[in-house]
Structure formats: C-alpha cells, structure tokens
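Participant: Need coordinates for the below:
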Amino acid sequence: MGDYHVHLHPHGPYTGKGPPPGQYPIDHIEAYFETARANGADEIGFTEHLYRCVESRPVLGRWWEADPRKDLREFTNSYVRSERVLSLERYVQAVVDAKDRGLPVKLGLEVDFFPDTVDAVVEFLAPYPFDFLIASTHWLGAWGIDLAEQEHEFDRRGHLRSYEEYFAMETRLAASGHFDVLAHADVVKKRGVKLDDTPTDMYEELAVAAARGGTAVEVSTAGLFQPACEMYPARPLLERFYNHDVPITLASDAHVPQNCARDLSKAIELARSVGYTQRIEFTGRKGTLVPL
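Facilitator: Predicted coordinates:
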C-alpha cells in the first residue's frame, strides 16, 4: 500500500529536531521509509504545502486581504509569513533525487484552493514533473478553519454557516478538475466542531462534484489524532464517494518520519467496509487502479 499524503517538515518554529526548513538530506527521507515499511507501506507520495514555499508568493498572492475582518487578516498575514520558509525547487529536486536512488517515491504537492488564483497556480505548476497533486480547503477568506488560534470563529460565524461555506468551497475545488485528489475532504471538523445532524446534502453535492471533476479522495487517518477523533472523510461522506465511483488513496498526513503510514490499516478497513476494493496510484498525473 502507499501513503499519498506526507510532508517533510512540520509546521511551526524550527525546534532543532530534524533538518532545518527547506533542507532535505537523504537520510531524512529514508527515515520516512523505515517507518512506512514497519507500518506496511511500500510507497510514499510526498506532498509538501505549496503555500509554505517561497516561490508561491507571487502566484498565490495575498488571498486574505479581501476579507473584511481586520483581525483575521492580520493573523493570517503573520501566520503565512512565519510558515513560508520552504523552497519548492529544493523540495522537487530532493524527491527526484530520491527516485533516482531507487526509492519508491512519488512527487506530489498539496495545493490550497483559491478560486481567484487557481488558473495561475495550475499554469505555474505545469512545468514540474509531479506525479499527482492533492488539493485542500484550509482558508475561507482570511479564516484558517483548522487552526486552533482561530477556532472561536466557528461560534462567531455559526456552526451551520461555517459548514455551508466550507463545503461550498470544497465542492468548487472538486468540480474544477485541476487536481488529482481531495485532501482531508471534511477537514472542517478537525477542531471537533460537528453538526448535530449529518449534512447529507453537502456530502452528496461534494461527491457528485468529485465524480464529475474526475477527482479522487483520500482516506486519511490524520483526523484520528485531532479533536475530531475520526478519519477523513467521515463514513457517511465516504459512502457517498463510493456510490459515485470516486476512487480513493490512503493517507496519513504525516509531518514527521515517525507518523508515516500511521494506522493506514484502519483506513483500509473503513474503505472496505463501505465497499471499496481498489485504490488509485499515480505516475505523471495518470491514475491506475490497484487492489486495496
């Protein structure tokens, strides 16, 4: 099996553990494989965050500036400035070099979806030799929906409205057809904020959009270790993806070697329980279905 959502640097200030941001020594990459193999994975798809790369500044722009909320704008401006410490060029070269050494790796990237800049982003990324692109919705305007520092916005905005805004954006992402996989499709629940009733209409619209856009979805164990305490996507949402023949990948969303391929057996169990018997692998942006 493969882990198709793995980062090579954690978020936050550098603590001295692991290589400094933007450096990718081969022993660091190999450390991910040691854990992956121990957890039963035989392939890793690395997916660094585009917004964290300095090269993304001109193409993504300052997406938060159009938000009317000054407090959210100021926080996000500071947050992005502190996080944007990686190099896309170095990252791509490191993974390509790992491939050349015979390591079973795929070159991916996690791209945040902003409708106003998505066409420019797609054009910017086209020359790179990516095997696959995953895409996500982390921001609604200047609101970072999965950040603990901005969790209070759920109560200010209202839980239902927050979900409606998130799924509207995620559905646009899925329908765009620009990306290969939806990352943590219901990450809006990460901070533990859930609706009393299952948002079946939102789930259905997202699944239909993914099917029409030719976009797969990852089954990610990352949510098990967050306040949400469940996988992404929730079972009712995954059932709808299955009903619309949306293929799946497996993902840990690891940001450190020791979490690579963590509990992917649970992701397989969930996927099989709703009917999946295959997953999709990517090479050069082309997908191939393989047994789950």
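Participant: Next, count neighbours for the closest residue to S56 other than its chain neighbours.
Facilitator: Closest residue to S56 apart from its sequence neighbours, by CB to CB, 6 or more residues apart in numbering: L50 at 5.0 Å. Where C-beta positions appear, they are placed from N, C-alpha and C, glycine not excepted. Using other CB atoms under 10 Å, the number of residues around L50 comes to 22.
Participant: and what of E43?
Facilitator: The burial count for E43: 17, using other CB under 10 Å.
Participant: That one and H9: what is the separation?
Facilitator: Distance, E43 to H9, using CB to CB, to the nearest Å: 20 Å.
Participant: List the contacts of M1.
Facilitator: Going by CB atoms under 8 Å, 6 or more residues apart in numbering, M1 touches G40, A41, D42, E43, L250, A261, L264, I268, R279, L292.
Participant: Of those residues, just say which sits nearest to T117.
Facilitator: Nearest to T117 among these is L250, at 29.2 Å by CB to CB.
Participant: Now do the helix or strand where the closest one lies: which elements does it pack against?
Facilitator: According to DSSP states H and E, L250 maps onto strand 248-251. Contacts defined by 3 or more CB pairs under 8 Å, 6 or more residues apart in numbering; DSSP states H and E place strand 248-251 against strand 2-6, strand 216-220, helix 264-274, strand 278-283.
Participant: 10 Å - rerun?
Facilitator: Packing contacts for strand 248-251, counted by 3 or more CB pairs under 10 Å, 6 or more residues apart in numbering; DSSP states H and E, involve strand 2-6, strand 43-49, strand 132-136, strand 181-182, strand 216-220, helix 235-243, helix 264-274, strand 278-283.
Participant: Show the subsequent helix or strand relative to the third one.
Facilitator: Note on strand 132-136: by DSSP H and E, the next helix or strand toward the C-terminus is strand 139-140.
Participant: what's the helix or strand following that next one packed up against?
Facilitator: Under the assignment DSSP H and E, the closest C-terminal helix or strand after strand 139-140 is strand 143-144. Helices and strands touching strand 143-144, by 3+ CB pairs under 10 Å, 6+ apart, are helix 70-83, helix 153-157, helix 159-176.
Participant: any chance of those in JSON lines, plus mean pLDDT, distance to E205 and mean neighbour count?
Facilitator: Listed next are the helices and strands packed on strand 143-144 as JSON lines, based on pLDDT from 0 to 100; distance: least, CB to CB, whole Å; neighbours: other CB atoms under 10 Å:
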{"stretch": "helix 70-83", "mean pLDDT": "97", "distance to E205": "26", "mean neighbour count": "15"}
{"stretch": "helix 153-157", "mean pLDDT": "97", "distance to E205": "20", "mean neighbour count": "15"}
{"stretch": "helix 159-176", "mean pLDDT": "98", "distance to E205": "5", "mean neighbour count": "19"}
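Participant: Using a markdown table, please lay out those together with distance to G18.
Facilitator: Conversion of the helices and strands packed on strand 143-144 to a markdown table gives the following (distance: least, CB to CB, whole Å):
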| stretch | distance to G18 |
| --- | --- |
| helix 70-83 | 16 |
| helix 153-157 | 31 |
| helix 159-176 | 31 |
